[in-house]
Structure formats: C-alpha cells, structure tokens
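**Q** Coordinates only, no sequence provided:
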C-alpha cells in the first residue's frame, strides 16, 4: 500500500485532481480580495465546462474550446458581478441562484443541442506535448505534457505576484479591505470589484474546461461540488494564492488517497469520508485563525 | 426603484414558467384515457449510453411496432422521483408507468398503492419477500450476476497480468450483485487472478461522476490490472476514457458500449431492459398485465447476455468464446450456482 502512495501514478492523480481546484480557488481569491464573496464558483465551473465542450464539439479546435470555457465563465461571473456590485444584492443568494441556474441551463441547452439532458457526445482532448520518456505510463506522460498543467502552475505563481507586488493588486486589496478609504484616494471601487469577479470567472471557467477535456465530454452536474471545495481551500489558504493552491494540493492528496485505499479491506463508506474529514480538520485546527478581507461580502454604498 | 425592477422580473419569470406548463398540458388533449405509457428515468438520465438508454429503446420499440405513445420525465434531484411518478400517474391518458432503477423501489410501491387503477412496473426493483407488492405493480429483476459471471470468465481467461478490476457506482446490493458474479467468473476460470474492486460513492450521485470513474480506473490500471469491468452508469464512461489513455481493456455494461472506446471494449454485459420494457407494454396492451410477483430475466430467459459480434470478435480468441459458451450452458442447466453477494 505504501508503494502505491509513493508512485508516479499517485502523484499524477493528485495533480490531476488538484488542477481544477486550484484554478477555481485562485478565482475565489481574486473575487474576495476585491470584496465580493463568490459562492457562484460552482456554477461558473459548470458553465465553463459546458461552453468548452460545445465550442470544441462544433469547431474541433481544443484551443477554441478553452476560449469558450473562459468566455462562459466570464459571462456567468458578469451576472454575479452585476447583481452583487451594481444592484448590491446579497452576494450569497446571488451565488446560490447562479449555481442553480447553471445546473438548469446546461441541461436545457444540452437537450436542445444533443437530445440528451445527461451527456454530450465525445470531444477531442487537449493536444499533449510529446515528452518521449515514461511511455509505459501514458497517464503520467499525458499529464506532464498537458499545457493546462503548466499554465496552472504559472497562474498560481503569477497571481501571488499580481496580488501582492503590483499596483493593480494593491488597489484590488484596498477595495476589499476598506472601500471608503480606497474611494477617498480616487480608486474606482466598482471597477476594481468588477475586475476581481471577472478574473475569478475566467479562472473558474478554465477549471471547467479542464474537467471537460479530462473527461472528453460534458456530463450533467460534472462540477460535482468542486466550487465549494475550492472556496474551502481559499479560506484554508487565508485568501492567499500560494496558500490556496497548497490547500488544494492537500485536498487533491486526500481525494487521491481515498481512491487508492479502495479495495484494501477498509469499508468503502469509511474511505469515502477521507476528503471531507481532511477539510474539517484543516478548517478547524491546523491553520489558525483565518481572517477574511475587511469588506468581504459587503456591498459598497458611496456616501452622498 | 431597484425593488420594482426585481419584482417585475420575478413576475415575468413566473408567468413565463406558468405559460410553459400550460402549453405542455395542452399539447396532448385528445388522447384516450389509459392509452399511453409513462416512464421516469434513473439518476443518469437519458443519454447515459447505458441503463436508461436501454429502457428508452424499449419505449421506442413499443412505439414502432405497437403504435404506443409515451411520455417521460428525467428527474433532476433525488426527491423529484416520487413527484415525477405521481405526475405521470395523475395524467388521464397514461395507463402504465415505468420506474427505471432500484432507487424507485419505495417510491413506486407507495405511488402504486395510491393509484390502484393504474399499472406500474419497476426495473431492478429490490424485491423483499417479506413485503407485499401491490397487484398493479410488476417488479422486474435481472440476474446480473449470471451475465457478470460470463464477462468475468472472459476477463479471467484473457488477462495477461492475472489482475483485473471492477468499478462500481453506488455501493448497494444491486451493484454488489454485478461484482459478486464477476469475481466468481474470474476465479472460476483463473483461481490465482486478483480482482481489484472500487466504488465511486455511497449515494445515487455515484452513478454520474465520470471524472471519479476515470480516476478509479486509472488507479487500477496503474496497479497492474489490464481489464476493468464497470457497473457504474455514467460514471463508467470515465472507465472507457482511462482504457483509451492507458491502452488497456474495459468491459461495458447494460448495453453494447463498444462505441465508447472502439477497440478497447472487450465485450459488454448486456441487460435487456429494452426487452423487459417492451414485453410488459405488449402484455399490458393485450390485457395480460400480471402484477404482484417479480418477473425475473436471467441467462435462461435471454434477459442478460454478453456481446460477441463482428466488432469484438477479433479481440476474443475462439477458444475463450467456446469456453464461455460452455459456462453459459452450465449455468442454465444449474451445474454452476452464481452467487449474488
């Protein structure tokens, strides 16, 4: 059993599970650093996966599919942005509404396009970079050669830099921390909050595209709670890109462990609990106090 | 002002939905009472390329050769099942209602009692001999363990690594029946072969998580399994993706799943839900509906089988095929007892 855990296949599996978590979780960081709670991640992932599938199916181009996934995510996030920034409605309710809406609209359009409210036809996957080695382990080779894996690692590091080392990041954080102060010095609170939510939409849409390409099709409800796990990871990671990605890695590891341990004599029901228990332990104990950005979830009313 | 807009939006949306339902109701006004068939799909829904599609095929066969009209509902969440059954049962034009899947067992029993003048049938009904089944309900059972035994034998004879896998959907008595038959088949022909077993979950959602199915299968392949049999609905589509990626073999379930990964699907354990649906519609139409006791479809009744056609013939050696056919005879003659758990 130990040898299973320290194998390349296990590592590859952990990374495969971690990639969509990380992308969505980073999305959450951008949105909440700007002061908008984004529970809608779940629905954005789903819409992203759907748009990526449809885009690839009709054009045959995976690249176009990725673009469609991002666009789908952006559009869904735009709805959330308008409701929570412009209309100043409750952000949790807007998020839940969008998640429910995504489940319905994807099924509805799926039925229209493919006469099934459950699956899409098969699509081609992302083209892999051929590495030449480890040919006897195609799953590992395909993962390392997958451009989205490299892109994710890049995005994680770049996000840390953007949020903490650039003017854009400083402004984004300031509208999430203390919008009144930011407004007084002339930072457009509304504008920066839109940036935050839209970037989160693009990233979560990309997470959806990853799911669609990994599965080579769209399946009804395929986000399967990943948006919520990404949110939990964001909190465990203290609204910090590197921290969130590390938390995603932990969750990916727990889930992969759950898969590897199956059939080893422990009851299935017990093994199925592992990822969730890991989440609770991580949230409750190991990380200490997690403090949200000061104005997270509070709509900004400009003083008259 | 803002609230005004929201209220207006809500009103428009609600009227829209109401109109939608209205138009649905009006589309079939003239059908004579009790002339149509209703069907409620299982979790995976139509287009799962497996269990639900098989039942749908039975409906289409009935439409083509018996001229039966049908209506169906694909329930969204778990709690919609009972209301979907009730909705169909309360339509005047519908006389026979199918529930597809063991998850319907309790719901359809209740609804059948509430609508004594309608007929019901439930595929994969979990029959419990201590509980009475209403007279207007036919529980349909398949001997999946017998069909699984045969594909297990194929896997056991053809594995090169002496390791094969099984991926189940929701851990439940029904899916364990597939597993038990499969394991028995593998061991019968190849006692030293190891069977790796994994389940996707413990709720109905475990039948619609292909990403999980793929990870489970990849994990088994990388532990040395070279053939994996799935009984996991939509989740199983992930097993085929894994087989493509790893260039290993998979065995399909419920219907011929060759097209999910051509060249990688060794065979499929076919469960003839279409035959069951068709037969019962036919009997109902002829006035011979006979409820209250389970109808069993096994190898003997041609209710379960495995695929051996021009597609997969090149994959399965003649000797293996002959051996499995002999096993089929032995099971039908009662020489081999296939376990169910």
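**A** Everything's here; your move. Because the structure is predicted, anything quoted here is derived from the model rather than measured.
**Q** Closest approach to chain B from the stretch 151-300 of chain A, which residue is it?
**A** Nearest residue of the stretch 151-300 of chain A to chain B (CB to the nearest CB) works out as residue A:262 at 4.0 Å. Just so you know, the C-beta spots here come from the backbone N, C-alpha and C atoms, and that holds for glycine as well.
**Q** Report the separation between that residue and residue B:246.
**A** 18 Å (CB to CB, to the nearest Å).
**Q** same question, residue A:299
**A** From residue A:299 to residue B:246 the distance is 50 Å (CB to CB).
**Q** between those two, who's got more neighbours?
**A** Taking other CB atoms under 10 Å in any protein chain shown, residue A:299 and residue B:246 do not tie; residue B:246 has more neighbours (23 against 17).
**Q** And the pLDDT for the more buried one?
**A** pLDDT recorded at residue B:246 is 91.
**Q** Once you drop chain neighbours, what's closest to it?
**A** Leaving out its chain neighbours, the residue that sits closest to residue B:246 by CB to CB, 6 or more residues apart in numbering or on different chains is residue B:221, at 4.5 Å.
**Q** Where does the stretch 1-150 of chain B get nearest to chain A, which residue?
**A** Relative to chain A, the nearest point of the stretch 1-150 of chain B is residue B:47 (2.3 Å; CB to the nearest CB).
**Q** That residue touches residue A:117, doesn't it?
**A** Yes: the pair residue B:47 / residue A:117 is scored as a contact, 6.9 Å apart, by CB atoms under 8 Å.
**Q** Run a quick neighbour tally on the residue of chain A found nearest chain B.
**A** Residue of chain A nearest chain B, by CB to the nearest CB: residue A:116 (2.3 Å). Using other CB under 10 Å, residue A:116 has 21 neighbouring residues.
**Q** how much space is there between it and residue B:320?
**A** To residue B:320, residue A:116 is 35 Å away according to CB to CB.
**Q** For the residue nearest to residue B:246, give me phi and psi.
**A** Here is the backbone geometry of residue B:221 (degrees, to the nearest 10): phi -60, psi -40.
**Q** if we look at whichever strand or helix holds residue B:55, which residues are touching it?
**A** Per DSSP states H and E: residue B:55 is located in helix B:51-66. With CB atoms under 8 Å, 6 or more residues apart in numbering or on different chains as the contact definition, helix B:51-66 has outside contacts at A:118, B:37, B:39, B:41-42, B:44-47, B:68-70, B:72, B:98, B:100-101, B:123, B:233, B:253-255, B:271-278, B:281-282, B:285.
**Q** Local confidence estimate at the residue lying closest to residue A:194 once chain neighbours are set aside?
**A** In this structure, residue A:194 finds its nearest non-sequential neighbour in residue A:81, 5.3 Å apart by CB to CB, 6+ apart. For residue A:81, the model assigns a pLDDT of 96.
**Q** that older thread, now for the residue of the stretch 1-150 of chain B closest to chain A, how many residues are close by?
**A** Residues lying near residue B:47 (other CB under 10 Å) number 24.
**Q** got the contact list for it?
**A** Going by CB under 8 Å, 6+ apart, the list of residues near residue B:47 reads A:114-119, B:53.
**Q** contacting residues for residue B:107?
**A** With contact taken as CB under 8 Å, 6+ apart, residue B:107 is in contact with B:81-82, B:85, B:99.
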